[in-house]
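> Sharing a sequence plus its predicted fold:
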Amino acid sequence: MEYIIADEVLANIEKRGLKVDDVKSVIEGAGDDRIYNGSVFIAKKEIGDLTVYARYAVDGDKVTVEAGYCHKMKILDIVLVGEDSEWKYCKNGEVVKTGHTNLTYLGATRSGPSLVEPKSGQSWIEEYLAAGALTTAEGLFQQKRA
Amino acid sequence: MGYEELFPPNDLKEWHPNAAKRFASPFVDNYHDRIDVDPIMLSNAAVHCGFTIRDFYEKPELGIHCVGYVAELFDLLPVTHWFFSLPWVRELGVTLEYKDTLPPVSTGPIISEPEDVLKLEPIGKEELLKGSTVPLYYNLYDYVQKNLPHTLVPISYGFDLCGAGAELVGVENFIMWTFTEPEVAHKLVDTYVETSINGAECLADKYGSAMLIVGSVLANNDIFSDEQVEEYSAKKMRHYTDQCFRRGAGPQVFYHLCGNHETDWKVFKNNLIWSPFNVFQIGYEGQHEFPADKLKENFQDVTTIMPGVDTKLMINANPKKVYERAKEVLLAGRDAKKGFILGTCCETPPYTLPGNLLALTRAARDFGTYGTW
């Protein structure tokens, strides 16, 4: 596989405390356990205490990494299932929905917006949430549990 | 002389640390002390300090300092807020005037023809930075950062998305157009919503994040059907929160459903965005407080709930009645899975009696102490 990672994407990956190898390992270990929208995929993998994601496009042997991100909150069960999203789950072909998932961190369980596939019970967090509101939430949990 | 010279400091050794721990507790499953009390105190704080309602709104820094100072008196929240229901409308052309006994109100509609509504465009960030609302909040939070840093939570207010959009044409026209010219009614609300989202991004840019306060006030069952509330309010609130999150605001959200939401409450759960830190409040079911047990049963899996005591009771010379009602609310909802805050059904009135605020806190101490139920 040939990886293409733009400087800006690389900088974001490093800013988030991830290594490129983490993101590559998500991609290489995904198999069918990923969602797709056209030629773009999102895959996730638990690495240590983090859930690490890769969003990437595949063209033959070339993999263009669009984003690598992570969250510390651990994904639990689906709480709410909403409308269809543009994503499908590779493993079963089901349309992925917008929804909410319980997330747990430092002993507290709260729900957050997510992409969900109810039949498999799988959830995914999008980059804007993981790198934005969830990162702030994790900081608040750390402060408030202190 | 700055307003900060009018106030002694908060007790930062005992009161504030304890209040801060209590405030955090329902959100992080680390219960501390007792159920918190939030009477949504605004100009009442100024009145307690000897100022007027007009002072509160005309002098935001004074107003927010009153809120931070008085919170200690009644052992309320350790954070400050200051707001009124019509942010962002000035940038859209509405003129607001200050009143002696009211928050700022519009001097009247600025658009009368539907075709003029269709020409409206949301106000972009650059223009908002030069407008009145963003500088107002920047000045306000800079003041808090300097003088009351222990209470700072930068907040961006979308507030009443439907009602604020309606202000541009007048509520009567707006309601009529929801039936006769729905695309015009949607355009009004959407213009306000997009402007508010841009405003939230301005706040998030400066402070790194921004709590969101957004509600459904005009859109309630006294005026609209459930379907209209869903179309003109709940879905707009979803879009607002989703887009604000995408622009760096959140994760804290306070959803405030003001007025009568007798049956339309059902449209909100599946439409709203629920974050790890949200509080959900519904004011009334018909003429009565929205039942705490119903709020708990239907929303406790996604949010901290904030049922309330009728605001009418807060100006009634009968603290015992407030205490008894608060007790009922507490007993009905205090074990909500994702936390409970004792509120009032809306902003506590400007002339709320101190004895009634004490009655709320007393009830929380007597019936909201963690570990006793």
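Happy to help now that I have it. A quick note: this is a predicted structure, and the numbers were derived from the prediction, not measured. Numbering: from 1, shown residues only, chains lettered A, B, ... in the order given.
> Pull up the gap between B:Pro104 and B:Ser43, please.
11 Å (C-beta to C-beta, to the nearest Å). Quick note: C-beta positions are derived from backbone N, CA and C, even for glycine.
> do the same with B:His239
Applying C-beta to C-beta to B:His239 and B:Ser43 gives a distance of 31 Å.
> Find the nearest non-adjacent residue to the residue positioned nearest the centre of chain A, please.
Nearest to the mean C-alpha position of chain A, counting by C-alpha atoms, centre = their mean, stands A:Tyr53 at 4.0 Å. Sequence neighbours aside, A:Lys44 is the residue nearest to A:Tyr53 in space, at 4.8 Å (criterion: C-beta to C-beta, 6 or more residues apart in numbering or on different chains).
> Report all helices and strands that the helix or strand hosting the one you found contacts.
In this assignment (DSSP states H and E), A:Lys44 forms part of strand A:40-47. For strand A:40-47, the contact count by 3 or more C-beta pairs under 8 Å, 6 or more residues apart in numbering or on different chains; DSSP states H and E identifies helix A:20-29, strand A:34-37, strand A:50-59 as packing neighbours.
> for it, which positions count as buried?
By neighbour count with 16 or more other C-beta atoms under 10 Å in any protein chain shown, strand A:40-47 contains the buried residues A:41-45, A:47.
> Which strand runs longest in chain A?
Longest strand in chain A, counting residues (DSSP state E): strand A:74-89.
> Neighbours of the residue of the stretch 101-250 of chain B at minimum distance from chain A, how many?
Scanning the stretch 101-250 of chain B for proximity to chain A using C-beta to the nearest C-beta identifies B:Gly250 as nearest, at 4.0 Å. Applying other C-beta atoms under 10 Å in any protein chain shown, we find 30 other residues in the vicinity of B:Gly250.
> Show the contacting residues for the closest residue in space to it that isn't next to it in sequence.
In space, B:Gly250 comes closest to A:Ala133 once its chain neighbours are excluded; the distance is 4.0 Å by C-beta to C-beta, 6+ apart. Neighbouring residues of A:Ala133 by C-beta atoms under 8 Å, 6 or more residues apart in numbering or on different chains: A:112, B:209, B:245, B:249-251, B:275.
> Point me to the helix or strand that includes B:Gly355.
Assignment of secondary structure by DSSP H and E places B:Gly355 within helix B:354-367.
> Could you name the helices and strands sitting against that helix?
Contact analysis of helix B:354-367 by 3+ C-beta pairs under 8 Å, 6+ apart lists strand B:36-38, helix B:319-333, strand B:341-344 as its packing neighbours.
> can you redo these as a markdown table with mean neighbour count, mean pLDDT and distance to B:Val229?
Compiled in a markdown table, the helices and strands packed on helix B:354-367 are given as follows (neighbours: other C-beta atoms under 10 Å in any protein chain shown; pLDDT from 0 to 100; distance: least, C-beta to C-beta, whole Å):
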| stretch | mean neighbour count | mean pLDDT | distance to B:Val229 |
| --- | --- | --- | --- |
| strand B:36-38 | 25 | 98 | 24 |
| helix B:319-333 | 20 | 98 | 23 |
| strand B:341-344 | 27 | 98 | 21 |
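> Show me which residues of chain A sit near chain B.
Taking C-beta under 8 Å from any C-beta of the partner chain as the test, the list of chain A residues beside chain B reads A:73, A:79-80, A:82, A:100, A:103, A:106-113, A:128-129, A:132-134, A:136-137, A:140-141, A:143-145.
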